[in-house]
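for reference, the sequence and a predicted model appear below.
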Amino acid sequence: MVQITALYDNTKITMKQHSFTTSEPSQNKGDSKNYILDARMEIFRGETSDRTLQIHSDKSIPVHAINLKSSSLQTALVLPIDKLSSEYLIPPVPEIQRTTLPAEIVTTDVTERSPFKLVIVNMENKVNVEGSVPETFSLRPYQVQQIWVKTEKNLRKVTAQHPVAVLFVHSCAIYHSCTCGQLFTSLPPAQSDELQYYVPPFLANDAEKKSFLLL
């Protein structure tokens, strides 16, 4: 499901769900509407898929992807094409008991104990995933590639010839007893700008009265 909010009156939207359906709704300023996607749009275990949703609008709109499964709800802001990047940093894999820990239980054969995945949504590109076991592949326009983020691969960066969207995903990570939930987030583009962070004094050894600035 996606949620689209109109910022202006008479906003014309086109939603193309692969080759399944195309709709052209209109919304007025302040309207937020949820649109249920065709069930055939779901991506399963196959690594590569052509099933992508394309949203076009004649005016600026914020779009949220909403993933609802049983008692699990995840939302993510969808980045517009002009805000995508050709470089993304891959975050460390979260340590989750009975999902990613202990390491020997992780397997692609069991959903709850599978590795996290990268989901790369492409325009037209050659894509590199850097790490101890790097991967390089080419995608056609609007194809989606899924990659297991396994510990032994030590994956650290996604680079591409042209901008892509990258998601960091787990289909059903354990969070309580035998209950699991979806986890997914859009990775922000890697920034070349230097960022400044203040470190609280209690985090610095032998320096209770000092603050540190990292550049």
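Nice, thanks for sending it over. On a predicted model such as this, the values are computed, not experimentally measured, just so you know.

which element, helix or strand, includes the residue nearest to the spatial centre of the chain?
Closest residue to the average C-alpha location of the chain: L167 at 1.9 Å, with CA atoms, centre = their mean. Using DSSP states H and E, L167 falls within strand 157-176.

partner strands of the helix or strand just after that strand, with direction?
Per DSSP H and E, the first helix or strand lying C-terminal to strand 157-176 is strand 179-186. Using DSSP bridges, the strands paired with strand 179-186 in its sheet are strand 157-176 (antiparallel).

what bridges to the residue nearest to the centre of the chain?
V119, S186.

dump the residue contacts of it.
Residues near L167 by CB atoms under 8 Å, 6 or more residues apart in numbering: 76, 118-121, 184-187. C-beta here means a position set from N, CA and C on the backbone, and glycine is covered the same way.

repeat that for F137.
126-127, 145.

ok so, going back, buried ones in the strand holding L167?
Going by neighbour count (16 or more other CB atoms under 10 Å), the buried part of strand 157-176 is 158-160, 163-174.

out of those, flag the one nearest to P102.
I174 (12.7 Å; CB to CB).

pLDDT wise, what is that closest one at?
We have a pLDDT of 78 for I174.

wait, it touches R98, no?
Yes. Here I174 reaches R98: they are 4.5 Å apart, a contact under CB atoms under 8 Å.

Provide a list of residue ranges in this structure with pLDDT below threshold.
46, 70-72, 124, 192-215 (pLDDT under 70).

need the phi and psi values for R40.
Main-chain torsions, R40, degrees, to the nearest 10: phi -70, psi -10.

residue contacts, it?
Counting by CB under 8 Å, 6+ apart, R40 has contacts 18, 20, 51.

before we move on, the earlier item: what do I174 and R98 both touch?
By CB under 8 Å, 6+ apart, the residues touching both I174 and R98 are E112.

hang on, the earlier thing: what's the closest of the buried residues of strand 157-176 to N10?
A165 (28.2 Å).

pretty sure the closest one sits against L118.
No. Using CB under 8 Å, A165 is not in contact with L118; the gap is 10.8 Å.

what residues are shared contacts of those two?
Joint contacts of A165 and L118 (CB under 8 Å, 6+ apart) do not exist.

CA atoms only for the strand holding L167, dumped as CSV, please.
C-alpha atoms of strand 157-176 as CSV (Å, rounded to 0.1, in the frame of the first residue of the first chain):
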residue,chain,number,x,y,z
LYS,A,157,28.7,0.1,-0.1
VAL,A,158,26.4,0.2,-3.2
THR,A,159,27.6,2.2,-6.2
ALA,A,160,26.0,2.6,-9.6
GLN,A,161,26.6,4.3,-12.9
HIS,A,162,23.3,6.2,-12.5
PRO,A,163,21.1,6.9,-9.5
VAL,A,164,19.2,4.0,-7.9
ALA,A,165,17.0,3.5,-4.8
VAL,A,166,18.2,1.1,-2.1
LEU,A,167,16.2,-0.5,0.7
PHE,A,168,17.5,-2.4,3.8
VAL,A,169,15.0,-5.2,4.5
HIS,A,170,14.1,-8.2,6.7
SER,A,171,10.9,-10.0,5.9
CYS,A,172,10.2,-11.2,9.5
ALA,A,173,12.7,-10.5,12.2
ILE,A,174,12.0,-11.9,15.7
TYR,A,175,11.0,-9.2,18.2
HIS,A,176,9.1,-11.1,21.0
